[in-house]
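> whatever this is, show me its structure:
(one chain, ligands or ions: 1)
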Amino acid sequence: MTIFSNSRTLQAHDRARRGFLGTGLALGTAGLIMWPEARLLAQQVGDFIEGAPMPDIAPIQLSKHVWTIFAADGFPTQENHGMMSNVTFVVTSAGVVVLDSGSSVQIGRMAIRMIKKVTPLPVIAVFNTHVHGDHWLGNHAFAEAYGEQLPIHALAGTMKEIQGYEGSLWRSLMERWTNQATAGTKVVPPNTEVKHGQTMQFGDITLKLHFYGKAHTSADLCVQVVQDKVTAVGDIAMANRIANIDDGSYPGTFKYFKELAVAAGDQLWLPGHGEARHDLLETYGKFLAGIWEPCLQAIKDGKSEAQAKVMVLADPRVASRATTMQGFDSNIGKYTSLAYLEAEKEAF
Ligand SMILES: [Zn+2]
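Modelled structure (predicted):
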């Protein structure tokens, strides 16, 4: 299989790669040309070897029914085995529901070991919040343990992308970023489509599903655990990490936050990256507004992108997060450019 067989895929690869690694570790054009052969070799080897097991991370109980296996790091490395996003599970009277399955088969298997420490009940459903591989590559482990008929739910847009080239792309990228620590992971796409507004009953627990248009990606699912007032929001908001917005929209995110907050009311908002907070949408929304509003103002005043960047970095909503936010230095320039481009479209 040739993965990078067309220019669209190459662009997507480049886009996603830059998303995590910034410019510091970017390969030159020569590196990209070498890549398909290296990839093929790694795949052939990967048929025989797997990355080492993921060490245990004790789950944390967030509410009566909701537990999370917390990822301390925001970005994938060989040392962290790609453990960069939270794996959450809901223990219902009918079985366990998993909200995002982790970045690899190894992480998924670790999550299953942790679930078994909490309850003897089997996993009966998985949800994938969006297309980015750190949220669904662990599906492999759940299908392996509970059978291929295990329902893996996602929005139509997410299903289609994972079934298509984005699925293979994310698997390759994760192997590369972790120096093969995730090798052996297979793409197991979601098999059950869900829609905005749907409620689903699992034993004593009701899940309400939300989707309000393009935010972090074109299809971001939020899952509200109704009885516990906990809502898993995927990557539409992050606690202390700057979110990849390559596939997303600033005004789309603000709209999404508003409609979600109205629909769900006060919740413990649980992001894919970082800790759950009641004020997550406010704090992350404020940070994003600190990027977006100066860019919109710069466009209105006929200022250049470079001038807009100066305004963004001086904005107290951004400046106050600069020293502590994971990924800030490597990504703020690019995400300001994306805000400026989107503001240009918005203004005219
Ligand atoms: Zn994401």
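> residue 209: how many residues sit nearby?
By other Cβ atoms under 10 Å, the residues close to residue 209 number 18. Bear in mind the C-beta positions are built from the backbone N, C-alpha and C, glycine included.
> and for residue 65?
Residues near residue 65, counting by other Cβ under 10 Å, number 21.
> correct me, but it touches residue 225?
Yes - at 6.5 Å, residue 65 counts as touching residue 225 under the criterion of Cβ atoms under 8 Å.
> the stretch 151-300 of the chain: strands as residue ranges?
For the stretch 151-300 of the chain, the strands defined by DSSP state E, counting those that start in this stretch cover 152-155, 192-194, 199-202, 205-210, 222-225, 230-234, 268-271.
> who in the stretch 151-300 of the chain is up against the ion?
residue 235 (Cβ under 5 Å from the ion).
> coming back round to it: so which of the strands of the stretch 151-300 of the chain is the most surrounded?
strand 230-234 (a mean of 27; mean count of other Cβ atoms under 10 Å).
> send the alpha carbons of that strand over as CSV?
Taking C-alpha atoms only, strand 230-234 is exported to CSV below (Å, rounded to 0.1, in the frame of the first residue of the first chain):
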residue,chain,number,x,y,z
VAL,A,230,-20.2,15.7,33.2
THR,A,231,-19.6,16.4,29.5
ALA,A,232,-16.7,15.1,27.5
VAL,A,233,-15.9,17.8,24.9
GLY,A,234,-13.1,16.1,22.9
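> which strands or helices does that strand pack on?
If you count contacts as 3 or more Cβ pairs under 8 Å, 6 or more residues apart in numbering; DSSP states H and E, strand 230-234 packs onto strand 222-225, helix 250-264, strand 268-271.
> just the angle between the second one and strand 230-234, please?
Right, helix 250-264. If you take axes from the mean of the first three to the mean of the last three Cα atoms, to 10 degrees, helix 250-264 sits at 160 degrees to strand 230-234.
> what does helix 250-264 contact?
Contacting residues not belonging to helix 250-264 are listed as 208, 210, 212-216, 220, 222, 224, 231, 233, 236-237, 245, 281, 285, 288-289, 291-292, 338-339, 342-343, 346 [Cβ atoms under 8 Å, 6 or more residues apart in numbering].
> for residue 216, what are its contacts?
Residue 216 touches 130, 234-236, 243-245, 247-248, 253, counting by Cβ under 8 Å, 6+ apart.
> closest to residue 124 among the residues you listed?
residue 234 (20.6 Å; Cβ to Cβ).
> my guess is that closest one meets residue 210, correct?
No - using Cβ under 8 Å, residue 234 makes no contact with residue 210, being 10.3 Å away.
> so for the two, which residues contact both of them?
221-222.
> make TSV from the strands of the stretch 151-300 of the chain and add mean pLDDT to it.
Formatted as TSV, the strands of the stretch 151-300 of the chain follow (pLDDT from 0 to 100):
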stretch	mean pLDDT
strand 152-155	98
strand 192-194	98
strand 199-202	98
strand 205-210	98
strand 222-225	98
strand 230-234	98
strand 268-271	98
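> TSV for those, including distance to residue 69?
Putting the strands of the stretch 151-300 of the chain into TSV (distance: least, Cβ to Cβ, whole Å) gives the following:
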stretch	distance to residue 69
strand 152-155	18
strand 192-194	23
strand 199-202	19
strand 205-210	19
strand 222-225	16
strand 230-234	13
strand 268-271	12
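> so which residues of the stretch 1-150 of the chain form helices?
Taking DSSP state H, counting those that start in this stretch to define them, one finds helices in the stretch 1-150 of the chain at 7-21, 29-46, 105-118, 139-146.
> which helices and strands does the shortest one pack with?
For helix 139-146, the packing partners by 3+ Cβ pairs under 8 Å, 6+ apart come out as helix 105-118, strand 123-127, strand 152-155.
> please convert these to JSON lines, extending it with distance to residue 84.
Formatted as JSON lines, these follow (distance: least, Cβ to Cβ, whole Å):
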{"stretch": "helix 105-118", "distance to residue 84": "9"}
{"stretch": "strand 123-127", "distance to residue 84": "18"}
{"stretch": "strand 152-155", "distance to residue 84": "20"}
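> how many other residues sit next to the residue in the stretch 51-200 of the chain that the ion sits nearest to?
Per Cβ to the ion, residue 132 is where the stretch 51-200 of the chain lies closest to the ion, at 3.3 Å. For residue 132, the neighbour count with other Cβ under 10 Å is 29.
> quick one, what contacts it?
Residues near residue 132 by Cβ under 8 Å, 6+ apart: 170, 217, 235, 244.
> from these, which is closest to the ion?
For the contacts of residue 132, the nearest to the ion is residue 235 (3.6 Å; Cβ to the ion).
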